[in-house]
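Chemist: Quick check, what structure comes out for this input:
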Amino acid sequence: MSVDAFDLPSRAEVAARSLTRLLDPRLDGLMYFLASWQADPPRAWHGLWDCGDGCGRHIDALTLARRMAPPGSPAAQPDAGEAQIEAWMMRLLGDDGLSWLPQEPWAEPWGAGMLLRGPVGDEPLAEISWAQRGTLLGLSSRYEATGDERYLLAGQRLVGALLRIAERHPDGLFFPEGYYRAGGWRHHAPGLCAGIEECNAAVVLPAVRFHAATGFEPAIELADGLVRFALRHTTGYTPDGRIVGEPGSGLSDHFHTRSNFILGVLELGIAIGRREYVAWARQSYEHAKEWGTDFGWFPEGLGCRHGEICCTVDMIEIAIGLGLHVDRAYFADAERFGRNHLLESQFLSLDRLREAANRLPREESTAAPDERFSTTEDVVESQLGAFAARSTLNDAFHLDSTAVMQCCNAAGTRGLYDLWRHSVHETGPGKCWVNLRFSVETPLLRVVSHELMDGRLDITAERDVLVHVRLPEGVAQAVVRRHGAAMELVVCARDGYVEFDAAAGSRTEVRYELPERVAHYEVGRPGRSLSCTGAWRGETLVGIDPPGRYHPLYQRSDTARGEGPA
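Modeler: This is a model prediction of the structure:
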C-alpha cells in the first residue's frame, strides 16, 4: 500500500503498526524502548524506560490511532502486541497504585547519583516523573475511549498514591527525589538538583487530562499543587518566562521537560480558569520557540544540533491549546510544525530507511552486548511508520546521536491525532472553523485538501453551516465558489480566516495563494552549529539546502508519496 504525504489517518495506521513491532517475546511482549542505528547490525535493548513511561505512552498513542481509523476497519482494532503492552502497563502498578520498576539488571535507574540521595541499594524503585506520567496518560486515554472501570480505578489509585507521597510545602507539593523507594524518601527538602521541580511535575499534564476524562477532583489537587510549587521554585526561567539553562547540565537543559511543563501549566490554567497560568504558559511558549525553528524542529537539549519529536508534539499541543482558548492565530504554528517537521520525521519508505542505516558509520564498542536483554531482529523493519527521534534540520539522522527512542514514536502518533482532531472545530449550532488545512471528515464537514499541489480546499457540508477557513499566513483573500455555480466570490480574510455559508449537501471550493519564500536557519552552539536554507510554499517547507547526508528530509515534490508496510 502507499501513503499520501498529508493523509493523517493512513499515517496513523502505519504508525500504530510500528508501535507494536519491537517487542520481546521472551518477556511476554515487553517493549524495547531504545535502539542504536549505528550498531552492527542495529540493536535494541531493554531499559527502565520500557516500563511505565514507554508502555503508558504507547497505550495512549495506540488508543488515539484507533480512533482515527474508520469504525469496523482492521486498523480500528487492537492487535496482540497492543494487548501485551497494556498488560505490562497494568502489571507494573503496585498495590499502592504507583508504577514500579522491575528489579532486573536492565532496569537500573538513570541518573541515580543526581536524582537520589544515597546509594540505590536493593529496595524497589518507582521512577517518579516520566513513568507515572506515561502510565496516567495511557489510563486516561483508555478510560475515555472505553469507559472500562479498570482504567478509572487504576488512575484514581495512581493519583492517590502520588498525593500521599508528595511533600507538603506552603507553596504547594513537590517530590524531593527522582525515584521513590519502597521505604519512602530519604531526602525531604526541595532543590536536590537543578531542574528537578519541573521534571518531577511531569505528571501535571496527564493529571489534568485524567480529570477531564473522569471528573476525579484529586487529580486537579495534585496538578495544581505541583504547578504552584514549581513556578515559585524553578530556576529555569527569567521573570518574563524565558528559558534559561546551561547546555549539557542534565535535567535543566532537557527541552522536553520544559515544553511538557509549559503544556501542563497551560492545560491546568484552562481547566480551572487560572488566567495567570495561561498567561505564563503563553509567554514562556513564545520564548521557547526561539530555541527551535518555525517549521517545528526543536532541540533535545538546549544548544543541541539534533532535535526530539516529543518536543515538536508538545509545541503543537501548546499551539492548539492557545489557538482554541486564547487566539486563533496560534493555529498557524500548529500547522507549520505539524505539516513539516512532524510529518517529515515519519519513516514511510523501508528502502530509504535501510539505505540510511547502511550509510551510517558503525559504532566502535568494546563491550559485548548482553544477548539476554537485547535483539537485532527486525530492528530496522520495525521502524517503518515510526518517527526519527533525533533528527537535525535536514536529515533524519545526525552523528551527535542516532538512537531509536520509542517515546518519539508514541509522541509522533499522538501528534497525528492532534492535527486530525483539531483541523475542524465546531463552536456551536451552525458554526465551525477549519483551523488546519488537512483532509479530514467530521460529522459536519468533509474537507479535501489539495496542498501542496494547489492552494485549494473542497468542503462538503452535511448541514447548513457558517464556515470559517484559516488561510496561510500572509494571504489576505480567497476565491469561493459553490460546485455547479457559475459565480465566484472573492472573500477577504478577517483575522486570517475567510467565512462563507455552506448549505447542507453543497460542495464549496476555496482557492488561495501559496506564497513562496526562502528562510535561513542556524541551530546549535557557537562553533558547533548547523545552518541551512529552506524554501517555502505557503505553510509547507518544500526543500532544504544543503540536503542531508543519510536520510535527507524535505525533498518534497508535488506528488510526494511514501511506501507503506509490505
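Chemist: so where's the stretch 351-500 of the chain uncertain?
Modeler: Residues of the stretch 351-500 of the chain meeting the criterion pLDDT under 70: 366, 368, 486.
Chemist: change it to 80
Modeler: Applying pLDDT under 80 to the stretch 351-500 of the chain flags residues 364-369, 484-487.
Chemist: Helices along that one, start to end?
Modeler: Here the stretch 351-500 of the chain has its helices, by DSSP state H, counting those that start in this stretch, at 379-382, 406-422.
Chemist: Need the residues that contact the shortest one.
Modeler: What that stands for is helix 379-382. Residues from elsewhere that reach helix 379-382 (CB atoms under 8 Å, 6 or more residues apart in numbering): 18, 21-22, 35, 37, 41-44, 350, 353-354, 357, 404. Bear in mind the C-beta positions are built from the backbone N, C-alpha and C, glycine included.
Chemist: Going by distance to Val510, which of the residues you listed wins?
Modeler: Nearest to Val510 out of these is Ser18 (CB to CB; 34.5 Å).
Chemist: and that closest one, how many residues sit next to it?
Modeler: Number of residues near Ser18 (other CB atoms under 10 Å) recorded here: 23.
Chemist: Can you tell me the closest non-neighbouring residue to Ala461?
Modeler: Closest residue in space to Ala461, ignoring its immediate chain neighbours: Ala502 at 3.9 Å, by CB to CB, 6 or more residues apart in numbering.
Chemist: no wait, Trp536
Modeler: Excluding the flanking residues, the one nearest Trp536 by CB to CB, 6+ apart is Arg517, at 4.8 Å.
Chemist: Now do the SS call for that neighbour.
Modeler: Recorded secondary structure, Arg517: strand (DSSP: H, G, I helix; E, B strand; the rest coil).
Chemist: From Ala334, how far out is it?
Modeler: Taking CB to CB, to the nearest Å as the measure, Arg517 falls 19 Å from Ala334.
Chemist: Compare neighbour counts for the two and give me the winner.
Modeler: For the pair Arg517 and Ala334, the greater number of neighbours falls to Ala334 (27 against 10), based on other CB under 10 Å.
Chemist: The residue lying closest to Leu353 once chain neighbours are set aside: neighbour count?
Modeler: Closest residue to Leu353 in three dimensions, ignoring its sequence neighbours and counting by CB to CB, 6+ apart: Phe347, at 5.1 Å. Here the number of neighbours of Phe347 (other CB under 10 Å) works out to 23.
Chemist: what's near enough to touch Phe347?
Modeler: Phe347 neighbours (CB under 8 Å, 6+ apart): 353, 383-388, 396.
Chemist: returning to that earlier point: with respect to Cys193, which of the helices of the stretch 351-500 of the chain lies nearest?
Modeler: Nearest to Cys193 among the helices of the stretch 351-500 of the chain is helix 406-422; the distance by CB to CB comes to 21.4 Å.
Chemist: The closest one: how far from the chain's middle?
Modeler: How far helix 406-422 lies from its chain's middle: 5 Å, per CA atoms, centre = their mean, to the nearest Å.
Chemist: mind listing what Gly264 touches?
Modeler: Gly264 sits next to 201-202, 204-205, 208, 223, 227 when contact means CB under 8 Å, 6+ apart.
Chemist: 6 Å instead?
Modeler: Contact analysis of Gly264 by CB atoms under 6 Å, 6 or more residues apart in numbering lists 204-205.
Chemist: give me the low-pLDDT residue ranges for the stretch 51-200 of the chain?
Modeler: Those would be none, if you go by pLDDT under 80 across the stretch 51-200 of the chain.
Chemist: Show me the helices in it, by range?
Modeler: Listed in chain order, the helices of the stretch 51-200 of the chain (DSSP H, counting those that start in this stretch) span residues 56-68, 80-91, 112-115, 130-146, 149-165, 196-199.
Chemist: show me the contacts for Ala461.
Modeler: 445, 502, 504, 506.
Chemist: out of these, which are inside strands?
Modeler: Taking DSSP state E as the definition of strands, these contribute 445, 502.
Chemist: Out of the contacts of Ala461, which end up buried?
Modeler: Applying 16 or more other CB atoms under 10 Å to those, the neighbour count classes 445, 502, 506 as buried.
Chemist: Please name the spatially closest residue to the first one (chain neighbours excluded).
Modeler: Taking CB to CB, 6+ apart, and ignoring the residues beside it in sequence, Leu445 has Val424 as its nearest neighbour in space, at 5.4 Å.
Chemist: how many other residues sit next to Leu116?
Modeler: 21.
Chemist: Isn't it up against Pro176?
Modeler: No - here Leu116 does not reach Pro176: they are 10.1 Å apart, not a contact under CB atoms under 6 Å.
Chemist: Now do the same for Leu541: helix, strand or coil?
Modeler: Put simply, Leu541 is strand when judged by three-state DSSP.
Chemist: ok, it to Val326 distance?
Modeler: Leu541 is 26 Å from Val326, by CB to CB.
Chemist: Ala281 now?
Modeler: For Ala281, the distance to Val326 equals 9 Å [CB to CB].
Chemist: quick one, which of the two is more surrounded?
Modeler: A direct count of neighbours by other CB under 10 Å for Ala281 and Val326 places Ala281 higher, at 26 against 15.
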